[in-house]
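Visitor: Predicted coordinates and the sequence they were generated for:
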Amino acid sequence: MPLYAGVMSGTSLDGIDLVLVEQTTEPRLLETHYLPMPEPLRQSLLALCSSGPDEIVRSALAEQHWVRLAAQGIQELLEKAQRPASSIRAIGSHGQTIRHMPQEGFSVQIGNPALLAELTGISVVADFRRRDLAAGGEGAPLVPAFHEALFAHPSRVRALLNIGGFSNVSLLTPQQAVQGFDCGPGNVLMDLWICHQKGLSYDAHGAWAATGRVRPELLTQLLSDDFFAATGPKSTGRERFNLTWLKDHLAVLPHSLPAEDVQATLLELTARSISDALTRTQPQAEDIFVCGGGAHNTKLLERLQQLLAPSTLQTTAALGVDPDWMEAMAFAWLAHCCLEGIPANRPSVTGALGLRILGAIYPA
Ligand SMILES: Nc1ncnc2c1ncn2[C@@H]1O[C@H](COP(=O)(O)OP(=O)(O)OP(=O)(O)O)[C@@H](O)[C@H]1O
Ligand SMILES: CC(=O)N[C@H]1[C@@H]2OC[C@@H](O2)[C@@H](O)[C@@H]1O[C@H](C)C(=O)O
């Protein structure tokens, strides 16, 4: 049975997730590996998420650095699994998003797939978003097709909710086309705020947010962004939701707020943007399964469960998939779809003109 590696480097910029998957009728997770993002690379990538001087050279240099890390990750993954490179049919590499502007028709993921193929001796499939964008789609989210293939239920309406830097949902309704869209910021604003205030990279389990109180005046202000009211197809990124966006909204308030109240309100923003979106879908999800790093934020999950009752909320572990590896597994599957000629975008999600085969192949 063919083996694939999946490499995901998400918008949180915390690190690179790698998986080894056996693609039978269903993908089987054989091995996992995680490499934290070295701080200088994290800073370079973050700087590339907004405009600045000399972007072309900085982007090319950052991707050289990123791809060497990814290749090291592949080597370590294969060592752990005790499999030779020659046993891997392909690597599905998402790359690193540095700009997502679907309204202008483009989304940029860097990651030099040619060099990844050269360094690993394994074929690489990359550049998954551009064909969907070329066909008029958002180019994101792409995981709904994977969620549909694995988790569609014959009689239950299920939602798969990824809470990474941004949050996105897939709605799986029996006998209907999959729906899906980005809900808004997942962890990104909470991460930025705790870093700005305390120099920490994230708010473990939402513990700092739990010490503050939600400020309705700020919450209303933040929720007034047009993105939240828009219905899909829609996708977003750091171009829209960033520290400047937050500071601009804070500046409109007549008074300053304790930093922990801002954090509590940002957690509530994540929870409300998700629950508002999920309660607006037709039909509504009966069972909700959470994945992504946000699945570790106990305070956030508690709040989501309150807001979404009577729907049930569990992590994807209940479906047999560890919530930390879902996205990397999806990119291994997307590589398989590309090589097999299986269209993997979903026009009902991205708004593309039709089904398209996603990805570009860099043979070993
Ligand atoms: N124990 C924890 N408590 C709270 N939050 C956590 C915890 N562990 C991880 N996180 C959050 O999860 C984030 C990483 O999530 P994940 O790896 O799913 O993001 P990503 O893949 O980069 O994002 P995206 O899906 O948007 O591309 C961290 O930045 C942090 O905010
Ligand atoms: C442009 C981009 O990288 N978007 C990511 C991001 O992270 C979560 C959300 O925003 C989602 O739309 C997407 O990632 C997943 C893997 C997707 O395409 O399904």
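Guide: Now that the structure is in, tell me what you want to look at. Ligands and ions are numbered 1, 2, ... in the order given.

Visitor: can you map out the strands along the chain?
Guide: Counting by DSSP state E, the chain has strands at residues 3-9, 15-23, 27-36, 88-101, 106-110, 124-126, 158-163, 166-172, 179-185, 287-291, 312-315, 360-362.

Visitor: elements contacting the third one?
Guide: Other helices and strands packing on strand 27-36, by 3 or more CB pairs under 8 Å, 6 or more residues apart in numbering; DSSP states H and E, are strand 15-23, helix 55-81, helix 326-340. All C-beta atoms are positioned from the backbone trio N, CA, C, and that covers glycine.

Visitor: Make a markdown table out of the strands of the chain and add distance to ligand 2.
Guide: Listed next are the strands of the chain as a markdown table, based on distance: least, CB to the nearest ligand atom, whole Å:
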| stretch | distance to ligand 2 |
| --- | --- |
| strand 3-9 | 7 |
| strand 15-23 | 11 |
| strand 27-36 | 15 |
| strand 88-101 | 4 |
| strand 106-110 | 5 |
| strand 124-126 | 13 |
| strand 158-163 | 6 |
| strand 166-172 | 4 |
| strand 179-185 | 5 |
| strand 287-291 | 10 |
| strand 312-315 | 17 |
| strand 360-362 | 16 |
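
Visitor: so of the helices and strands packed on strand 27-36, which one's packed in deepest?
Guide: helix 326-340 (a mean of 25; mean count of other CB atoms under 10 Å).

Visitor: one step back: JSON lines for the strands of the chain, including distance to residue 63 and mean pLDDT?
Guide: Putting those into JSON lines (distance: least, CB to CB, whole Å; pLDDT from 0 to 100) gives the following:
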{"stretch": "strand 3-9", "distance to residue 63": "11", "mean pLDDT": "98"}
{"stretch": "strand 15-23", "distance to residue 63": "13", "mean pLDDT": "98"}
{"stretch": "strand 27-36", "distance to residue 63": "16", "mean pLDDT": "97"}
{"stretch": "strand 88-101", "distance to residue 63": "8", "mean pLDDT": "98"}
{"stretch": "strand 106-110", "distance to residue 63": "4", "mean pLDDT": "98"}
{"stretch": "strand 124-126", "distance to residue 63": "11", "mean pLDDT": "99"}
{"stretch": "strand 158-163", "distance to residue 63": "24", "mean pLDDT": "98"}
{"stretch": "strand 166-172", "distance to residue 63": "21", "mean pLDDT": "98"}
{"stretch": "strand 179-185", "distance to residue 63": "24", "mean pLDDT": "98"}
{"stretch": "strand 287-291", "distance to residue 63": "27", "mean pLDDT": "98"}
{"stretch": "strand 312-315", "distance to residue 63": "33", "mean pLDDT": "97"}
{"stretch": "strand 360-362", "distance to residue 63": "14", "mean pLDDT": "98"}
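
Visitor: Out of the helices and strands packed on strand 27-36, the one nearest ligand 1 is which?
Guide: Comparing the helices and strands packed on strand 27-36 by their distance to ligand 1 (CB to the nearest ligand atom), the top pick is helix 326-340, with 5.5 Å.

Visitor: From ligand 1, how far out is the nearest residue to residue 163 once chain neighbours are set aside?
Guide: Nearest non-adjacent residue to residue 163, counting by CB to CB, 6 or more residues apart in numbering: residue 294, 2.5 Å away. From residue 294 over to ligand 1 the distance is 6 Å, taken as CB to the nearest ligand atom, to the nearest Å.

Visitor: can you check residue 212 too?
Guide: Here residue 212 is placed at a distance of 15 Å from ligand 1 (CB to the nearest ligand atom).

Visitor: For the residue nearest to residue 163, give me its contacts.
Guide: Shown in contact with residue 294 (CB atoms under 8 Å, 6 or more residues apart in numbering): 163-164, 167, 186-187, 270, 300-301.

Visitor: try it again with 7 Å
Guide: Applying CB atoms under 7 Å, 6 or more residues apart in numbering to residue 294 gives the contacts 163-164, 186-187, 300.

Visitor: near ligand 1, which residues of the protein show up?
Guide: On the criterion CB under 6 Å from any ligand atom, ligand 1 has as its neighbours in the chain the residues 10-12, 14, 162, 164-166, 186-187, 191, 202-205, 292-294, 296-297, 327.

Visitor: who in the protein is up against ligand 2?
Guide: So far as CB under 6 Å from any ligand atom goes, the chain lies against ligand 2 at 10-11, 97, 100, 107, 140-143, 162, 164-166, 168, 182, 235, 237, 327.
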